[in-house]
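Novice: Coordinates only, no sequence provided:
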């Protein structure tokens with residue numbers, strides 16, 4: 001009897017739902033006949049599938065299905081929610097629709113009936129990740145204004161400023177427009193992530209878990225903002241873990257995911273009708289109920305949902321869309337390459353000067369360490385009895401420059417890379433422009449810090465005051481500092497987190513110091529390992545320092561004792577096996593190292609960003 005009652009309920013519901021769909025189609029068809037000025041664009045996706053490769057110890061890799069033949073559509077003018085339990089494939093579906101992380105994704109995605117091309121598609125949409133990354137030392141207004149400068153190319157500065165003010169007002173950001181991003185609340189950060197993409201006037205906006213980290217009031221405000229965006233003809237799509245009944249009322253279209261499959265896609269009212277016939281209590285949160293079904297918590301309804309899905313097969317539950325090109329969608333272009341470099345350079349300069357603590361800390365560190373070292377070795381650089389101590393001083397300068405130049409990038413660049421990833425995902429600028437602007441800002445500051453330290457130590461320790469020797473020493477110091485800064489940038493770019501970078505960075509530098517010629521002369525290195533010395537930039541820096549101080553037939557050093565072993569600098573060069581070493585060759589090697597590492601940094605950053613976009 002129970003099975004007969006269930007069958008009668010499903011039969012009655014199927015008939016009612018078929019009648020509902022038919023009447024809806026007739027009403028929309030009539031509307032199409034009467035109104036033709038409605039603007040609408042549709043993203044249609046068919047049989048989207050994806051898998052992940054899972055590696056298990058002592059076993060062959062296993063492919064796990066993430067999406068399993070998911071089909072549906074989303075339209076402009078609608079707020080679409082992708083709901084489902086954890087691990088159901090919500091974010092994977094959102095990524096596939098937004099053109100993000102497409103590796104191992106199969107299926108078809110059409111924009112207004114035409115298969116999309118990813119580069120062009122990304123110019124029409126925006127995607128906000130679950131975690132919002134911004135440069136923390138810019139204000140809200142500055143962040144939005146920079147986005148407008150980069151993405152509203154043909155417009156005048158006045159038009160861009162007007163657009164920024166309009167967005168700030170519409171998203172209720174006026175009260176915090178002069179506030180640094182680091183001081184914003186979670187809700188304000190979410191609204192800022194919307195604001196920076198609105199300057200480009202995207203056709204579709206995708207949001208991954210916009211409720212993450214927000215309280216209930218902020219969630220309501222956030223979704224109220226998203227709903228308002230659809231009034232202007234945009235399509236808004238978001239993945240939502242567990243929305244409240246209040247938020248459920250804001251949704252136009254619902255996509256329910258379970259174990260990588262789509263168990264429902266349609267309008268909110270259709271889902272309510274379906275759940276009503278499945279016995280959802282009147283005052284129960286519809287999304288909670290459907291998630292419980294998707295998780296298998298309602299075992300007695302397991303058969304019903306399967307029969308329900310089978311019963312609806314063949315019924316066209318989609319509402320036809322009026323396919324007219326949106327006349328009100330104004331497409332903005334990006335700046336030219338020099339323009340992008342100029343805007344990004346200005347942004348980097350501003351953030352660098354606002355990092356007051358880091359700026360002053362690095363400055364004080366170089367000055368104070370230079371003074372302490374200068375006091376310890378005061379006046380000893382020209383005395384023959386302290387030659388070996390002076391060689392130790394030169395190597396200490398190398399170690400100080402290596403680590404103080406490398407460590408800041410290891411700590412800070414992983415976060416900046418995440419900001420760059422978000423901006424690259426939404427096609428703000430070319431990666432070449434970003435890298436050029438970063439180099440133009442970082443290099444002068446790095447040279448400044450290095451020169452401050454080296455000049456203090458060089459003068460206080462009484463190294464030879466000969467112009468060409470001093471110039472070579474400073475040149476080698478600057479090249480070494482820039483090489484180390486570049487290496488830190490590369491490690492920070494390719495490592496996933498700052499913790500990884502901080503561990504890997506120093507570990508990769510230590511071998512170069514072992515093969516520098518300071519601890520063991522190069523000729524004494526075992527034959528099978530001697531080739532590694534040519535890969536050590538520390539070796540060429542050490543040679544440059546020794547030759548600039550003791551090379552070029554320097555006159556005998558002062559000797560205040562009876563026996564001075566290294567009174568003649570040539571004896572020291574022979575002891576270090578540098579008699580035939582060329583200073584110009586060592587300097588040139590450092591310059592080559594710098595060029596190679598700067599190029600490697602760019603390709604490392606490009607590889608990491610492309611890997612994040614595809615995987």
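Specialist: Looks like it came in fine. All figures in this text were calculated on a predicted structure; none of them were measured in a lab. Residues are numbered from 1 along each chain as shown.
Novice: And the average pLDDT for stretch 180-199 is what?
Specialist: The predicted model assigns stretch 180-199 a mean pLDDT of 91.
Novice: what about the helix or strand harbouring residue 364, average pLDDT?
Specialist: Secondary structure from DSSP states H and E places residue 364 in helix 356-376. In this model, helix 356-376 carries a mean pLDDT of 95.
Novice: Report all helices and strands that it contacts.
Specialist: Helices and strands in packing contact with helix 356-376 are listed as helix 387-425, helix 431-460; criterion 3 or more C-beta pairs under 8 Å, 6 or more residues apart in numbering; DSSP states H and E. C-beta coordinates here come from the backbone N, C-alpha and C atoms, glycine included.
Novice: in the helix or strand that the shortest one is followed by, what counts as buried?
Specialist: Note on helix 431-460: by DSSP H and E, the next helix or strand toward the C-terminus is helix 467-494. Residues of helix 467-494 classed as buried under the neighbour-count rule (16 or more other C-beta atoms under 10 Å) are 469-470, 472-474, 476-494.
Novice: For the stretch 501-615 of the chain, which residues score under the pLDDT cut-off?
Specialist: 561-563, 615 (pLDDT under 70).
Novice: Would you enumerate the residues in contact with residue 369?
Specialist: The contact partners of residue 369, by C-beta atoms under 8 Å, 6 or more residues apart in numbering, come to 400, 453.
Novice: Quick check: the gap between it and residue 551.
Specialist: The spacing between residue 369 and residue 551, counted by C-beta to C-beta, to the nearest Å, is 27 Å.
Novice: Over to residue 174?
Specialist: Looking at residue 174 against residue 551, where the rule is C-beta to C-beta, the gap reads 65 Å.
Novice: Ok, residue 65 next?
Specialist: Taking C-beta to C-beta as the measure, residue 65 falls 67 Å from residue 551.
Novice: Select the helix or strand of the chain having the lowest average pLDDT value.
Specialist: For the chain, the helix or strand with the lowest mean confidence is helix 2-34, at a mean of 37 (criterion: mean pLDDT, DSSP states H and E).
Novice: if we can go back for a sec, go through the helices and strands packed on helix 356-376 and name the closest to residue 519.
Specialist: The minimum distance between residue 519 and the helices and strands packed on helix 356-376 falls on helix 387-425, with 8.9 Å, by C-beta to C-beta.
Novice: Helix 356-376 and that closest one, what's the angle between them?
Specialist: Using axes from the mean of the first three to the mean of the last three C-alpha atoms, to 10 degrees, the direction of helix 387-425 lies 170 degrees away from that of helix 356-376.
Novice: quick revisit: residue 174 and residue 551: who's more crowded?
Specialist: Neighbour totals were compared for residue 174 and residue 551, and residue 551 leads with 21 against 13 (other C-beta atoms under 10 Å).
Novice: Let me know whether that one touches residue 572 as I believe.
Specialist: No. If you go by C-beta atoms under 8 Å, residue 551 and residue 572 don't touch, sitting 9.7 Å apart.
Novice: how about the helices in the stretch 101-250 of the chain?
Specialist: Assignment of helices within the stretch 101-250 of the chain using DSSP state H, counting those that start in this stretch yields the ranges 118-124, 140-151, 157-170, 186-198, 216-230, 245-248.
Novice: The last one: which residues count as buried?
Specialist: Buried residues in helix 245-248, counting neighbours by 16+ other C-beta under 10 Å, are found at 247-248.
Novice: next SSE after it?
Specialist: Heading towards the C-terminus - elements assigned by DSSP H and E - helix 245-248 is followed by strand 253-258.
Novice: got the angle for the very next helix or strand once past that following strand vs strand 253-258?
Specialist: Note on strand 253-258: by DSSP H and E, the next helix or strand toward the C-terminus is strand 261-267. On the basis of the same axes, to 10 degrees, strand 261-267 is oriented at 170 degrees to strand 253-258.
Novice: got the buried residues for strand 261-267?
Specialist: Along strand 261-267, the positions that meet the burial threshold by neighbour count (16+ other C-beta under 10 Å) are 261-267.
Novice: Adjacent strands (with direction) for that strand?
Specialist: The strands beside strand 261-267 in its sheet (DSSP bridges) come out as strand 253-258 (antiparallel).
Novice: Let's test this: mean pLDDT of the strand it pairs with, rounded?
Specialist: Averaging pLDDT along strand 253-258 gives 89.
Novice: ok, and what's touching that strand?
Specialist: Contact with strand 253-258 is made by 70, 72, 74-75, 78-85, 88-90, 93, 262-268, 271, 290, 293-295, as judged by C-beta under 8 Å, 6+ apart.
Novice: mind running it again at 6 Å?
Specialist: The set of residues external to strand 253-258 that reach it, using C-beta atoms under 6 Å, 6 or more residues apart in numbering, is 72, 78, 80-84, 88-90, 263-265, 267-268, 271, 290, 294.
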